[in-house]
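Trainee: Return atomic coordinates for the entry below.
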Amino acid sequence: MSWEAKNYSILLVEDNKLNQTVVKFTLKRYGYLIDVANNGLEAVDMYKEGNYDFILMDVMMPEMDGLEATKIIREIENGQEHIPIIALTADIMVANEEKCIENGMDAHLSKPFDVDHLFKVLTNLGL
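Mentor: Residues are numbered from 1 along each chain as shown. Okay, here's the model as predicted:
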């Protein structure tokens, strides 16, 4: 699969500026368009206004965490087109991954993530 040809539009939700920079640098090499939200509140607003292929959502953030933001996005969808939300977290415990899935996220990546692992997750999600 040629990931360069996908032209994904991604909403990155991450409060850490260094992590934002690393993810943007890594994914922009593939030609992806990336918007950044600094917390869950911004993510919900940007989701309402944007047209994204998927969301990379940090779990632990100030203002509103990723779990709460995901719940709100799922309520807004209300049976409409489902946007894949991939959790990003430094916590690698299986219990945390299960909590993310239970709260409406579609997949889970540990930070820092390997781009090949992201591509595998995207394939599993049918993207």
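Trainee: Any idea how many residues pack against the nearest residue to Leu122 once chain neighbours are set aside?
Mentor: With sequence-adjacent residues excluded and distances taken as Cβ to Cβ, 6 or more residues apart in numbering, Leu122 is closest to Phe54, at 7.4 Å. Just so you know, the C-beta spots here come from the backbone N, C-alpha and C atoms, and that holds for glycine as well. Using other Cβ atoms under 10 Å, the number of residues around Phe54 comes to 20.
Trainee: dump the residue contacts of Phe54.
Mentor: For Phe54, the contacting residues are Tyr8, Ile10, Leu11, Ile83, Pro84, Ile85, Ile86, Leu122, Leu125, Leu127, by Cβ atoms under 8 Å, 6 or more residues apart in numbering.
Trainee: Asp106 too?
Mentor: Pro84, Ile85, Ile86, Leu125.
Trainee: what sits up against stretch 73-90?
Mentor: 14, 43-44, 47-48, 52-60, 66, 70, 96-97, 100, 104-111, 113, 118, 121, 125, 127.
Trainee: State the mean pLDDT of it.
Mentor: Taken as a whole, stretch 73-90 has a mean pLDDT of 89.
Trainee: next structured bit after the helix or strand hosting Arg74?
Mentor: Here Arg74, judged by DSSP states H and E, is contained in helix 66-77. For helix 66-77, the following helix or strand on the C-terminal side (DSSP H and E) is strand 85-89.
Trainee: Select only the buried ones of the contacts of Phe54 in PyMOL?
Mentor: To isolate the buried ones among the contacts of Phe54 in PyMOL, judged by 16 or more other Cβ atoms under 10 Å, type:
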select buried, resi 8+10+11+83+84+85+86+122
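Trainee: could I get the contacts of Phe54 as a markdown table with distance to Asn39?
Mentor: Output for the contacts of Phe54, formatted as a markdown table (distance: Cβ to Cβ, whole Å):
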| residue | distance to Asn39 |
| --- | --- |
| Tyr8 | 22 |
| Ile10 | 17 |
| Leu11 | 12 |
| Ile83 | 18 |
| Pro84 | 20 |
| Ile85 | 15 |
| Ile86 | 17 |
| Leu122 | 24 |
| Leu125 | 24 |
| Leu127 | 25 |
